[in-house]
Each structure stands twice: as structure tokens, then as C-alpha cells.
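Visitor: have a look; sequence and predicted model below, questions after that.
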Amino acid sequence: MTDQSPQLEGAPLIAPSSTEHALYDSVVEACRTVFDPEIPVNIYDLGLIYTITISDDNKVSVIMTLTAPGCPVAGDMPGWIVDAIEPVAGVQHVEVDLVWDPPWGMEMMSDEARLELGFM
């Protein structure tokens, strides 16, 4: 017997992003302008952005996390992401959801972030 409900079985922990959408690369670049004030790496390469979904009418939904629940900018960082993405040409609306599951881990960092932080 398993604790997992049937509808969750096989579901990814992190939903896929809208990588094929024309605005996706521009939204990612906007995310890369936001930095965690305690770590000299942008939040996208840190792996804090889990999912970027862009609808057909160019509404952007971001699912993100933080390095730790006690992060001093937990209340501010979602707004920083909205402020970074809203000016992207074509974006109609931005919504950011902060989640804690799955928890962030150092394995979520890009190779660039690992190199910058001396882990490679």
C-alpha cells in the first residue's frame, strides 16, 4: 500500500515551463536580473524559479521557492520578480507563487552558479 494518491502518481515534482512560448527567453532573462541579496548569483541560476508558465494571452505565472523558509527577503522577492518581468514587451500580467515543496537544494543550481560560488 502506498501513501501516494492515484492522481499524483507519476506527476513531476516541478511542473514544466512554457519553453516553446515566444516570450519565454525574455522572461528568463528578466528573472536573471533579480539576485538573492545574500548570494551573488541571480535567482534563476540559483534554481529558485521552478516553473514559468505563459498563457496564450501572454499572462505569466511563476512558481518559485527560496533557499530557506527563514529567508529575510521572503516577503519581498516575489514582488521583485513581478517588477522584473512586467516591463518585458508583450507581457500582460505577472503572478508569482512562492512554494516550499519541493524544498530547494544546491543540486538545483546551474553550472554557472556552482562555478560562481566555487562549487566546481
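Guide: Received it, and whenever you're ready, just let me know what you need. Residues are numbered from 1 along each chain as shown.
Visitor: just the buried residues of stretch 18-38, please?
Guide: Going by neighbour count (16 or more other Cβ atoms under 10 Å), the buried part of stretch 18-38 is 18, 21, 23, 24, 26, 27, 28, 30, 31, 34, 35, 36. Every residue, glycine included, has its C-beta placed from N, CA and C.
Visitor: and the furthest pair within those residues?
Guide: 21 and 36 (25.8 Å; Cβ to Cβ).
Visitor: compute the first-to-last residue distance for stretch 100-120.
Guide: Chord length of stretch 100-120, first to last residue, is 26 Å (Cα to Cα, to the nearest Å).
Visitor: now stretch 36-52
Guide: 18 Å.
Visitor: buried set for it?
Guide: 36, 41-52.
Visitor: and of those residues, the nearest to residue 59?
Guide: residue 52 (11.5 Å).
Visitor: now the two most distant members of the buried residues of stretch 36-52.
Guide: Once Cβ to Cβ is applied, those give 41 and 51 as the farthest pair, at 19.4 Å.
Visitor: low-scoring stretches of this protein, by residue?
Guide: Scanning the chain for pLDDT under 70 picks out 1-12.
Visitor: quick one, strands of it?
Guide: 49-54, 59-64, 93-98 (DSSP state E).
Visitor: tell me which of these lies nearest to residue 107.
Guide: Between residue 107 and the strands of the chain, the tightest spacing by Cβ to Cβ is seen for strand 49-54, at 13.5 Å.
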